[in-house]
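Colleague: Fold the stuff below for me.
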Amino acid sequence: MSKSMLFLGFLLVFLSLALPGTQGKIIPRCEMVKILRRNGFQGFEGTTVADWMCLVKYESDYNTKAYNNNGPSRDYGIFQINSKYWCNDGRTPGSKNACHISCSKLQDDNIDDDIQCAKKIAREAHGLSPWYGWKNHCRGRDLSSFVRGC
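Modeller: Next comes the predicted model:
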């Protein structure tokens, strides 16, 4: 075995040990459509399931453990809920924690609490404008492909 192959093998083992749990559950597209429909997202605050599907695609790529460090705050979970306003990560000064939840709870595979918080955000904003993934990639576009066949 060459030194480069040995190093590559070592690197892969190291990364798998150093980054445990960085990959959450990736919820299949049609399963996510069903979850959103079952939880009353169609018509919620004037949105469609297709809007939410596009949001989830561009915010987290359907990954329950998605994480983004924005510097002064962080985004957590499948809906990328922000620690400055909505959840408590113990590291964001002046966090409002309006959903009354630990941010780590937004990164497990049970997305029931994520759904409740995302709906609270959309209710308070009267839509999906708090999510940049939705504003930049979904707003005003034909999103039918996100739900087609489901």
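Colleague: Residue 140: helix or strand, and which one exactly?
Modeller: Assigned by DSSP states H and E, residue 140 belongs to no helix or strand.
Colleague: Could you shift the numbering so residue one becomes 26, and keep it that way?
Modeller: Sure, I'll start counting at 26 from here, so that last one is residue 165.
Colleague: hey, where'd the strands end up in this protein?
Modeller: For the chain, the strands defined by DSSP state E cover 92-94, 99-101, 106-107.
Colleague: For the residue nearest the centre of the chain, give me its contacts.
Modeller: The centre of the chain sits closest to residue 103, judged by Cα atoms, centre = their mean, with a distance of 2.0 Å. Neighbour list for residue 103: 49, 52, 81, 84-85, 87-89, 91, 131, 136, 139 [criterion: Cβ atoms under 8 Å, 6 or more residues apart in numbering]. Using the backbone N, CA and C atoms, a C-beta is placed for each residue, glycine as well.
Colleague: Mind checking which of these are in helices?
Modeller: Assigned to helices by DSSP state H, the following of the contacts of residue 103 qualify: 81, 84-85, 139.
Colleague: got a winner among those residues for most neighbours?
Modeller: When the ones in helices among the contacts of residue 103 are compared by neighbour count (other Cβ atoms under 10 Å), residue 81 ends up highest, at 28 neighbours.
Colleague: residues touching residue 129, list them.
Modeller: Residue 129 makes contact with 101, 114 under the criterion Cβ under 8 Å, 6+ apart.
Colleague: can you check the one 5 residues further on too?
Modeller: Taking Cβ under 8 Å, 6+ apart as the criterion, residue 134 is in contact with 49-50, 89.
Colleague: Quick check: of the ones in helices among the contacts of residue 103, which lies closest to residue 124?
Modeller: residue 139 (9.2 Å; Cβ to Cβ).
Colleague: what about the residue lying closest to residue 156 once chain neighbours are set aside, how many neighbours?
Modeller: Distances taken as Cβ to Cβ, 6 or more residues apart in numbering put residue 80 closest to residue 156, at 5.3 Å, once the chain neighbours are dropped. Neighbours of residue 80 under the rule other Cβ under 10 Å: 27.
Colleague: Same check on residue 133?
Modeller: Neighbours around residue 133, by other Cβ under 10 Å: 16.
Colleague: How much space separates it from residue 121?
Modeller: Residue 133 sits 22 Å away from residue 121, going by Cβ to Cβ, to the nearest Å.
Colleague: All set, thanks.
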